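Colleague: give the three-dimensional model of this entry:
(chains A and B)
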Amino acid sequence: MTETPGTPETTETTQTTEPTASAAGSTSRRALIGWGGAGLALGAVAAGGAVAITRGSDDVQTVAAEAGGAIDFHGGNQAGIATPVQDRLHFAAFDLATDDRAEFVQMLKDWTAAARRMTAGQTVGEGAYGGLAEAPPDDTGEALGLKPSRLTLTIGFGPGLFEKLGMADRRPDALVDLPQFPGDNLDKNRSGGDVCVQACSDDPQVAVHAVRNLARIGFGKVSVRWSQLGFGKTSSTTPEAQTPRNLLGFKDGTRNIAGTETDRLKKFVWVDGADTDDNSAWMEGGSYLVARRIRMHIEPWDRTSLQEQEDIIGRDKGEGAPVGKAKERDEPFLKAMLPDAHVRLAHPDSNHGATLLRRGYSFTDGTDGLGRLEAGLFFLAYMRDIRKGFIPVQRNLATDALNEYIQHVGSAVFAVPPGVRDKDDWWGRALFSKEA
Amino acid sequence: MRAVRLSVVTAAATAAALAAVTGCTEKGSSGSGDGAISVTATDDKCEVSKKEFPAGHIELDIENKGSKVTEVYVLFPDDRIVTERENIGPGTKQKVTAEVKAGDYTIACKPGMKGDGIRQAVKATGGKVAKRDPRLDAAVAAYRKYAQEQADTTLPLAKTFAEAVKAGDLEAAKKAYAPSRIGWERTEPVAESFGDIDPKVDVRADGLEAGQKFTGWHRLEKSLWEDKKITAEDKTLADELITDLTDWQKRVGKAEITPTSMANGAKELLDEVATGKVTGEEERYSHTDLVDFKANVEGAEESYELLKPVAKENDAALVTELDKQFAALNTLLDKYRTDKNSYDFTSYDKVGEADRKQLSDAVNALAEPLSKLAAAVVK
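Modeller: So this is what the prediction gives:
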């Protein structure tokens, strides 16, 4: 939720998409549901309108979700962006522990091999048992017997990586450091990172297993800087499925970008040749990720009157309809909302069309020592250019009435390279191989 | 950890793991199926249908014809457990399986589940006999010598510490404290293998079991740094520490050490660092954690260096990585002492969070490949 940032509402994703879903076909239910987003966006928006669409019938989707099938790891774009949003998240940011490029490249190859297997529901290396009794198994074992659960693993490279590996010239201009936004209270222990891995799955144990095993393979090359667990995707878009609610209790992600919306994905999410030069050509087919940990002041929010909550958001709490409208998916009339309503400020129409694909998750990390719920929205948004996506929207949210109830406490940006094309390809090859 | 305890656990785990695997994939590879060994237990007998059987997968069909609940063990000659089955009620049958190499074993029934049991010597023959690599035998011998030397060197240092305590000299005792622990920390897996000594000399306040008296190094550490005084009881404890360490010195030569226990012991030393030293829990009063840290790393490196010739042959890349990571960790540790030959390290309460994280990362970077050393040694 939260909104975050900006997000415009847009968002989301979703779905179905093509992605693959191998298994069962399809799409999954979740996908349908998913929203993603970040922000609270609540519904906001509409972005452009688009509503997502979902494809397929509920039956098909239900089957796919229940089957816990596998999402294809290979493709022109990385899975985990426009592919259907799963229920659970384990996101980890790493610092580089080596400045040896060859060593890091080998790790990327090892990670790719492990990710290829794990997303297919297989164990890492030679498995979790049956090997040499005197040595620890290659796989940690807690995902044995679990379905692939639509696990997606998505990698990104942070600004520091380019510097530390002596490749400052390959850092894309679109991967900018975020400015300080009003209200930010960023904890450096929850911010930044040279590499990130986003693990999404329908089963939390599958996502945690994936990050744990990659961290293990990475010891000595990368070290975990921070990580975040998430649940309850907060974005999606499916007319037929119920829009998920964020921890503020509002429907979120009504109008995220759907995975099937090829045109909007092309326009707002995927980096294309026109965006790049010789040094950043490696990003073609990739995207940029902004990750923000947004703490919600849950208890004060819960003591806020319904009228005020709805005014702050700009939608009603029950149906999710924009102010003055009857249905959740009715086109919002922004001027009917208060000037500082969240949806109004986050909407693409208030941001020169800026639109993000949101894929956020709620988080609850217990309580904070003062007895307050340590909870909020872990906002994840993908975009073609951070300068044209997140930054203007977040700036516009400076006057958001919701700011009284949320605080951004973590922040990171990553360049998310294109997908791993086939079994010989590996994460980041285009960046690290001259011939690539 | 405990080389000895470790090997027991490993053996049992191995048996269990292999049994599980074998159970589904190659049942009957040798002693199973119709080749099962029947064990008939009564209150005063333990009859075994075969005293000699092929090495490999064995299956015991146990029947308790006695009046007491019993348990059945397959034991190595030194009483380590290969496999066991407890709580076999009167009139009931149980199966237990194990994977055994050629060699001598004992099958024991324990009616009433007490005592040494009624024993039968048995023999597993044929099968794969583990090859003995003379280089590994030499490594084990050298490591055994190292462990003994550490104990021998530690005793006088511990006595200096104990004498200072007994003299009531707070400052001298504080000064002698950390050095007295180095030899123990270097060989902790062996030292801890004596399950009766470790809880007396190296227990921490939070490791005490109900009814256990807080004794040993850390009890004295608390008096010196936390309570800032030496009591009459402390002086008695100092004597007890020397008694217990003398016991260790006498027994260390008999610890069971194998190439894999050496390799895994090295990894376990890093685990000790990761769980106790990096957090500052080990030396919570004196903050001399980095001294223990360094000693643990030195002990791990000793094992590693001795095994390296064989490991290099089997997994050259692993050795390259380990050399690199040992060097990196040692370089990092050197930042915390001005003289590389001294054990005068920065007090751990002066090491900030970011630096502790860096130390923790370096430990992970070394311990992860180190966990593969055992496999490289026995490959």
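Colleague: which of the three states applies to B:Ser38?
Modeller: Counting by DSSP: H, G, I helix; E, B strand; the rest coil, the backbone at B:Ser38 sits in strand.
Colleague: list the residues that contact it.
Modeller: B:47-49, B:60-63 (CB atoms under 8 Å, 6 or more residues apart in numbering or on different chains). Bear in mind the C-beta positions are built from the backbone N, C-alpha and C, glycine included.
Colleague: my read: A:Pro172 touches A:Met283, true?
Modeller: Yes: counting by CB atoms under 8 Å, A:Pro172 sits close enough to A:Met283 to count as a contact (5.3 Å).
Colleague: quick one: the helices in the stretch 251-400 of chain A, in order.
Modeller: A:262-268, A:298-302, A:306-313, A:342-346, A:390-396 (DSSP state H, counting those that start in this stretch).
Colleague: out of the ones you listed, which is the most enclosed?
Modeller: helix A:342-346 (a mean of 32; mean count of other CB atoms under 10 Å in any protein chain shown).
Colleague: check the average confidence over that one, would you?
Modeller: The average pLDDT for helix A:342-346 rounds to 95.
Colleague: ok, is the helix or strand containing A:Met118 in contact with chain B or not?
Modeller: Counting by DSSP states H and E, the element that carries A:Met118 is helix A:101-119. No: shown here: helix A:101-119 not in contact with chain B (CB under 8 Å from any CB of the partner chain), separated by at least 9.4 Å.
Colleague: what packs against that helix?
Modeller: strand A:152-157, helix A:204-218, helix A:429-432 (3 or more CB pairs under 8 Å, 6 or more residues apart in numbering or on different chains; DSSP states H and E).
Colleague: tell me which of the ones you listed lies nearest to A:Thr399.
Modeller: Set against A:Thr399 and scored by CB to CB, these come closest in strand A:152-157, at 30.3 Å.
Colleague: what's the angle from that closest one to helix A:101-119?
Modeller: 160 degrees (axes from the mean of the first three to the mean of the last three CA atoms, to 10 degrees).
Colleague: report the buried residues of the helix holding A:Met118.
Modeller: A:104-105, A:107-112, A:114-119 (16 or more other CB atoms under 10 Å in any protein chain shown).
Colleague: relative to A:Gln242, which of these is nearest.
Modeller: Among the buried residues of helix A:101-119, and counting by CB to CB, the member closest to A:Gln242 is A:Thr119, at 27.5 Å.
Colleague: quick one: that closest one and A:Lys147 touch, right?
Modeller: No: under the criterion of CB under 8 Å, A:Thr119 makes no contact with A:Lys147, lying 11.7 Å away.
Colleague: okay if I get the helices and strands packed on helix A:101-119 as CSV plus distance to B:Lys340?
Modeller: Converted to CSV, the helices and strands packed on helix A:101-119 look like this (distance: least, CB to CB, whole Å):
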stretch, distance to B:Lys340
strand A:152-157, 38
helix A:204-218, 30
helix A:429-432, 37
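Colleague: the ones you listed: which one's closest to chain B?
Modeller: Among the helices and strands packed on helix A:101-119, the nearest to chain B by CB to the nearest CB is helix A:204-218 (6.2 Å).
Colleague: mind listing the strands for the chain?
Modeller: Assuming you mean chain A. Taking DSSP state E as the criterion, chain A carries its strands at A:88-96, A:152-157, A:195-201, A:222-233, A:287-296, A:357-358, A:361-367, A:373-383, A:406-416.
Colleague: that answer is for a different chain, and I need it for chain B
Modeller: Taking DSSP E as the criterion, chain B carries its strands at B:37-41, B:46-48, B:52-54, B:56-64, B:70-75, B:81-88, B:93-100, B:103-109, B:118-125.
Colleague: now those in JSON lines, with distance to A:Glu404?
Modeller: Formatted as JSON lines, the strands of chain B follow (distance: least, CB to CB, whole Å):
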{"stretch": "strand B:37-41", "distance to A:Glu404": "75"}
{"stretch": "strand B:46-48", "distance to A:Glu404": "77"}
{"stretch": "strand B:52-54", "distance to A:Glu404": "77"}
{"stretch": "strand B:56-64", "distance to A:Glu404": "68"}
{"stretch": "strand B:70-75", "distance to A:Glu404": "67"}
{"stretch": "strand B:81-88", "distance to A:Glu404": "63"}
{"stretch": "strand B:93-100", "distance to A:Glu404": "66"}
{"stretch": "strand B:103-109", "distance to A:Glu404": "73"}
{"stretch": "strand B:118-125", "distance to A:Glu404": "75"}
